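Q: structure here, sequence nowhere to be found:
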C-alpha cells in the first residue's frame with residue numbers, strides 16, 4: 001500500500017491519529033533514542049502535524065518535515081514506530097518537495113528541544129503556500145483554517161507570497177478567485 005506522502009507502508013500498520021501530545025511524546029522518544037554524543041538534529045514540522053500542534057486540527061497520521069532526515073535520525077524514528085505501532089514513515093521528510101523557495105528557518109518557532117533534537121514549526125503562512133502548491137483536495141479544509149490563522153490582508157497578498165515561494169510554477173488563472181473564495 002502506498003501512503004499519501006509517497007512512501008511504502010506495511011499493510012498491518014494502521015494509521016494512528018496523532019494529536020499534539022502524542023506527536024510531542026513520540027518526538028521526545030526519538031530524541032531519547034539518539035546516542036548521547038554527536039551533532040544536533042533539527043526537523044522542521046509542516047502540514048497537518050503543525051496544524052495539530054497549534055490546535056488548528058485535531059489529529060494527523062504523520063509528521064512531515066521540510067528538512068532532510070539523515071540516517072542517524074532515521075534509525076530512532078523506525079525504533080519509535082515499532083515501539084508505538086506507528087507506520088514506519090510516521091516522521092518523514094517527504095514535504096521537502098514542497099519547500100518554498102523563500103523558506104527561512106530563522107522565522108520558525110521552536111516547538112521542542114530535547115536531547116540532541118530540535119523541532120521547529122514552520123511559519124503558518126509558509127504552510128499555507130505549501131498546501132496551496134500541493135493542491136490536493138484533502139488540503140482544502142486546512143487551507144480554510146490557515147487562511148484565518150494567517151491574517152492575510154487581501155487575496156492579492158497571498159498570491160504574491162505564493163509566487164515568491166514558487167517562482168518557477170506556471171501562473172494559475174484561477175488562483176486569485178480561489179483565494180477570494182477562501183477569504184469569504
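A: Arrived safely. Being a predicted model, the structure only gives us computed values, none of them experimental.

Q: so which residues of the protein form strands?
A: For the chain, the strands defined by DSSP state E occupy 41-46, 63-65, 91-92, 109-114, 117-121.

Q: so where's the chain shaky on pLDDT?
A: Applying pLDDT under 70 to the chain flags the ranges 1-14.

Q: all helices of the chain, in order?
A: Shown for the chain, the helices assigned by DSSP state H span residues 20-33, 47-53, 71-84, 124-134, 140-150, 155-165, 175-183.

Q: need the residue closest to the centroid of the chain.
A: The centroid of the chain falls nearest to residue 46 when counting by Cα atoms, centre = their mean (2.1 Å).

Q: next up, the contacts around the residue nearest to it when sequence neighbours are not counted.
A: The shortest distance from residue 46 to any non-neighbouring residue, by Cβ to Cβ, 6 or more residues apart in numbering, is to residue 122 (4.7 Å). The way it works is simple: take the backbone N, C-alpha and C, and place the C-beta from them, glycine included. Shown in contact with residue 122 (Cβ atoms under 8 Å, 6 or more residues apart in numbering): 44, 45, 46, 50, 66, 103, 108, 130.

Q: just curious, which of those is nearest to residue 84?
A: Nearest to residue 84, judged by Cβ to Cβ, of the contacts of residue 122 is residue 45 at 17.6 Å.

Q: okay, now the closest one: neighbour count?
A: The local packing of residue 45 (other Cβ atoms under 10 Å) involves 28 other residues.

Q: surely it touches residue 110?
A: No - with contact defined as Cβ atoms under 8 Å, residue 45 does not count as touching residue 110 (10.9 Å).

Q: now for those two: what residues contact both?
A: Contacts common to residue 45 and residue 110, judged by Cβ under 8 Å, 6+ apart, are 119, 120, 121.

Q: neighbour-wise, which of the residues you listed leads?
A: In terms of neighbours by other Cβ under 10 Å, the shared contacts of residue 45 and residue 110 top out with residue 119 at 26 neighbours.

Q: quick one on the thing from earlier: measure the residue nearest to residue 46 to residue 99 for me?
A: 9 Å (Cβ to Cβ, to the nearest Å).

Q: for residue 127, which non-adjacent residue is spatially closest?
A: Excluding the flanking residues, the one nearest residue 127 by Cβ to Cβ, 6+ apart is residue 46, at 5.2 Å.

Q: ok, that neighbour - contacts?
A: 64, 65, 66, 95, 98, 122, 126, 127, 130 are the contacts of residue 46 under Cβ under 8 Å, 6+ apart.
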